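Trainee: predicted coordinates and the sequence they were generated for:
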Amino acid sequence: MIDFTIKRTMGHYGCESLEDWNALNGYTAKVRESLDESKTNFFWLGVHLIDLYSSNLYRLTFDREKLGVSGFVGNCCSECFFAYCYDEFGLDKTQVSRLMNIVDEFGDGLRCFKKEWEPYSYSQLCELLPLSIEDRKPVKPDWTIKKIREYKKSLSGKSQDETNDQTPEAEEPLKDKYARFEKWTKRELCDKIFDLEEQYDELLRENERLRISFLDQAG
């Protein structure tokens, strides 16, 4: 599964070239073309969305105020990517993440579906996404969506039973992990977050100063 949080603080700051915009338009055109053909081949729609996401070119449209984000957010963040996909293709976050993760989970790289998943429909693969590799094995191509969901419910019940059987000792490490924060007040936690945000913004400003200095020296 694709981790969409990994780019949250990634970004490129500075002037963007005409070549960057032309490249973004090229990726966008491929997605639109695949969107028209998605009823017969949704795999390539997912591939071209992954290509667009990997390019980071959607960062050119980053608008912090429009996205309603603040703090630790770079212009390569997934919020910017999902907003771009909605504005350009009418695809919401759920649709985009499903299409991309279907390729990531069931594709043979970015070439085609793995042979065992070729008979499955888009709806079936969406249902299978949250399952582990082992839990997917019993599901057959002729299963209805209703049958797959009933199967998933049976797995959820089994998982809940296993959780209830855990001993208190198994939960202690999680408690210890956060023990040092237990005596912090809400105000102290907020102050710490504000301090970290200020430090991050200062690092961004310093990065911009260094970039300008480097360009001046190179010129």
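Mentor: Sure thing, it's come through.
Trainee: where in the protein is pLDDT low?
Mentor: By pLDDT under 70, the weakly predicted segments of the chain are 13-14, 39-40, 158-208, 210, 213-215, 218-219.
Trainee: 50 instead, please
Mentor: The chain contains residues with pLDDT under 50 at 163, 165, 167-177.
Trainee: tell me where it has helices.
Mentor: Under the criterion DSSP state H, helices of the chain are mapped to 18-36, 42-55, 64-67, 78-89, 93-106, 122-128, 133-136, 145-164, 172-177, 186-218.
Trainee: buried set for the fourth one?
Mentor: Within helix 78-89, the residues scored as buried using 16 or more other CB atoms under 10 Å are 78, 79, 80, 81, 82, 83, 84, 85, 88, 89. (C-beta placed from N, C-alpha, C; glycine too.)
Trainee: same thing with stretch 30-46?
Mentor: So, applying 16+ other CB under 10 Å, buried residues of stretch 30-46: 30, 31, 34, 35, 38, 42, 43, 44, 45, 46.
Trainee: pull the CA atoms of that stretch into PDB?
Mentor: Extracted C-alpha coordinates of stretch 30-46, given in PDB (Å, rounded to 0.1, in the frame of the first residue of the first chain):
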ATOM      1  CA  LYS A  30      -2.100  10.900 -20.000                       C
ATOM      2  CA  VAL A  31      -4.400  10.700 -16.900                       C
ATOM      3  CA  ARG A  32      -7.300  12.200 -18.900                       C
ATOM      4  CA  GLU A  33      -6.700   9.800 -21.700                       C
ATOM      5  CA  SER A  34      -6.700   6.800 -19.400                       C
ATOM      6  CA  LEU A  35      -9.800   8.200 -17.600                       C
ATOM      7  CA  ASP A  36     -11.700   8.000 -20.800                       C
ATOM      8  CA  GLU A  37     -10.700   4.400 -21.200                       C
ATOM      9  CA  SER A  38     -11.000   3.400 -17.600                       C
ATOM     10  CA  LYS A  39     -14.200   1.400 -18.100                       C
ATOM     11  CA  THR A  40     -12.200  -1.100 -20.200                       C
ATOM     12  CA  ASN A  41      -8.800  -0.800 -18.500                       C
ATOM     13  CA  PHE A  42      -8.600   1.000 -15.200                       C
ATOM     14  CA  PHE A  43      -5.100  -0.400 -14.500                       C
ATOM     15  CA  TRP A  44      -3.500   2.300 -16.700                       C
ATOM     16  CA  LEU A  45      -5.400   5.000 -15.000                       C
ATOM     17  CA  GLY A  46      -3.800   4.000 -11.700                       C
END
